[in-house]
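Visitor: Give me a 3D structure for the following:
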Amino acid sequence: MNYAIVTGGSSGIGLAYAEELAARNYNILIVSNREDLNLTAQQHLQSLYPNLEIKTLMMDLAVQEAAQQLFDYCKEQQLDVEVLVNNAGMFYFGAAVEKPVTLSEKMLNLHVHTPMALSILFGKAMKDRGHGYILNASSITAFMKFPTIAVYESTKTALMSFSYALSMELKHHGVNVCCVCPGAVDTDLYNLPVNTRKWLCRFGLMLKPNQVAKKGVRALFRGWKRRIPGAWSRVFVALSIIAPDFIVNIIKKKFV
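Guide: Next comes the predicted model:
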């Protein structure tokens with residue numbers, strides 16, 4: 001039976017991706033740096049799908065050698081990886097120059113270096129086999145050149161651009177590559193109060209993780225190159241593209 005790898009799959013959107021793929025009868029390998037959450041996610045998925053193999057691997061995906069180590073682990077374990085979901089991520093809010101450069105380097109590795117390297121390593125194996133699926137998790141911020149998210153949006157832009165080009169390279173070899181660009185999602189990533197998150201979800205301004213996962217996986221298997229889940233997210237993307245400079249300056253004066 002084939003495996004689906006989900007990085008950052010122990011919570012939030014990643015866990016929702018793991019649930020969605022398990023529902024499609026894939027064995028699951030969750031990779032994250034939280035052993036406690038890995039165990040909880042494994043127990044949760046195993047209780048829902050007792051006939052599947054649910055594996056976890058604790059790994060820091062923000063180091064340069066992580067992609068090769070994960071690829072080698074799958075070869076050693078003889079895992080037939082049909083689906084790769086590059087979902088692991090981090091976020092911070094504020095002026096880039098006021099943050100330690102090591103924080104930006106960590107984000108670059110986690111959002112760009114590791115998912116690109118994993119896509120190349122597993123993409124080559126999928127191409128040789130003539131079949132496979134790669135989902136890269138970007139963000140609607142990839143379309144937004146706003147202060148306070150300079151490094152975050154730049155990494156998400158890079159991953160989106162890479163995913164689109166890789167999709168064109170691999171499409172005719174039986175490999176689908178899809179970049180999913182959600183807006184605000186009901187997770188702990190943004191450190192918003194629970195009541196605020198409930199209000200945003202009620203009005204459709206924030207999506208639940210399972211909503212993003214369902215739309216993302218469906219787009220992946222349908223062969224879409226890019227998916228922006230949620231009508232409001234698509235509206236925000238359109239508005240951000242045409243936003244005049246004075247709007248950006250208001251954001252800058254308030255937060256930077």
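
Visitor: now for the biggest helix by length in the chain, which elements pack on it?
Guide: Assignment by DSSP state H gives helix 150-170 as the longest helix of the chain. For helix 150-170, the packing partners by 3 or more Cβ pairs under 8 Å, 6 or more residues apart in numbering; DSSP states H and E come out as helix 101-108, helix 114-129, strand 132-137, strand 175-180, strand 226-227. Where you see a C-beta, it was placed from the backbone N, CA and C, and this is true even at glycine.

Visitor: what angle separates it from helix 101-108?
Guide: Comparing the axes of helix 150-170 and helix 101-108 via axes from the mean of the first three to the mean of the last three Cα atoms, to 10 degrees yields an angle of 30 degrees.

Visitor: CA atoms of helix 150-170 as CSV?
Guide: Taking Å, rounded to 0.1, in the frame of the first residue of the first chain, the C-alpha atoms of helix 150-170 are listed here in CSV:
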residue,chain,number,x,y,z
ALA,A,150,8.6,40.6,4.3
VAL,A,151,10.4,37.3,4.9
TYR,A,152,7.3,35.2,5.3
GLU,A,153,5.7,36.3,2.0
SER,A,154,8.9,36.2,0.1
THR,A,155,9.5,32.5,1.0
LYS,A,156,5.9,31.7,0.1
THR,A,157,6.3,33.5,-3.2
ALA,A,158,9.4,31.5,-4.0
LEU,A,159,7.7,28.2,-3.2
MET,A,160,4.6,29.2,-5.3
SER,A,161,6.8,30.1,-8.3
PHE,A,162,8.9,26.9,-8.0
SER,A,163,5.8,24.7,-7.7
TYR,A,164,4.2,26.1,-10.8
ALA,A,165,7.4,25.6,-12.9
LEU,A,166,7.9,22.1,-11.4
SER,A,167,4.3,21.2,-12.3
MET,A,168,5.0,22.1,-15.9
GLU,A,169,8.2,20.0,-15.9
LEU,A,170,6.6,16.9,-14.4
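
Visitor: Wait, R226 touches N176, no?
Guide: No - R226 lies out of contact with N176 (Cβ atoms under 8 Å); the separation is 11.9 Å.

Visitor: Nearest to F71, out of the helices and strands packed on helix 150-170?
Guide: Between F71 and those, the tightest spacing by Cβ to Cβ is seen for helix 114-129, at 4.3 Å.

Visitor: in the closest one, what counts as buried?
Guide: 114-119, 121-123, 125-127 (16 or more other Cβ atoms under 10 Å).
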